[in-house]
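Enquirer: Next comes the sequence, and after it the predicted model I'd like to discuss.
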Amino acid sequence: MTYVLPADIAAVSTPLPGLALCDARLMNDARWLWIVLVPQRVAAIEIEDLLPGERDLLMQEAVEAGRRVRAMGAAIGRPVEKLNIGALGNVTRALHVHIIGRRVDDAAWPRPVWGVGDATDWSPGNLSLAREAWVAG
């Protein structure tokens, strides 16, 4: 078997390059700087399903993604005030980690972002700036 990105994550996100273990995906909702990291491992559902070295790498990539999310926020003029990191997996069974840049003026503050309103499309300009900031690392 080979790794396949879960279809529900693929449908609501855009790929970002540059990580060794994880597919990095920018959620298609401009209300938040929201990255999903999906370890490219077949049948990984829980963090414990990864090898010890892969667990370490997942944590390193989550920290790196958080740093890049902050850079993305700065690039689009919406600096991140609080970084949320979580691996829930209640809806999508495959192991994935959410990295979400939050602000006190965002649409859900201080509540979780899930299920709040309708997604807002990224403007082409802000999407380009955010992607450039991600790639620049």
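Expert: All right, it came through fine. Owing to the predicted nature of the structure, the values given are computational and were not obtained by experimental measurement. Numbers count the residues shown, from 1 in each chain.

Enquirer: Which residues are in contact with the residue nearest the centre of the chain?
Expert: Centroid-nearest residue in the chain, with Cα atoms, centre = their mean: Ile35, separated by 1.4 Å. Contacts for Ile35 (Cβ atoms under 8 Å, 6 or more residues apart in numbering) come out as Leu16, Ala24, Arg25, Leu26, Met27, Ala65, Arg68, Val69, His98, Ile99, Ile100. Yep, even glycine has a C-beta here, placed from its N, CA and C like the rest.

Enquirer: Could you dump these into CSV and include secondary structure?
Expert: Below are the contacts of Ile35 laid out as CSV (DSSP: H, G, I helix; E, B strand; the rest coil):
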residue, secondary structure
Leu16, strand
Ala24, strand
Arg25, strand
Leu26, strand
Met27, strand
Ala65, helix
Arg68, helix
Val69, helix
His98, strand
Ile99, strand
Ile100, strand
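
Enquirer: If any of the residues you listed are buried, put those into a ChimeraX selection.
Expert: Remark: buried members of the contacts of Ile35, expressed as a ChimeraX selection using 16 or more other Cβ atoms under 10 Å:
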select :16,24,25,26,27,65,68,69,98,99,100
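
Enquirer: Tell me the one of the contacts of Ile35 nearest Leu127?
Expert: For the contacts of Ile35, the minimum distance to Leu127 (Cβ to Cβ) is 8.1 Å, reached by Leu26.

Enquirer: Ramachandran angles for the closest residue to the closest one other than its chain neighbours?
Expert: The shortest distance from Leu26 to any non-neighbouring residue, by Cβ to Cβ, 6 or more residues apart in numbering, is to Thr14 (4.8 Å). Dihedral angles of Thr14 (phi, psi; degrees, to the nearest 10) stand at phi -120, psi 140.
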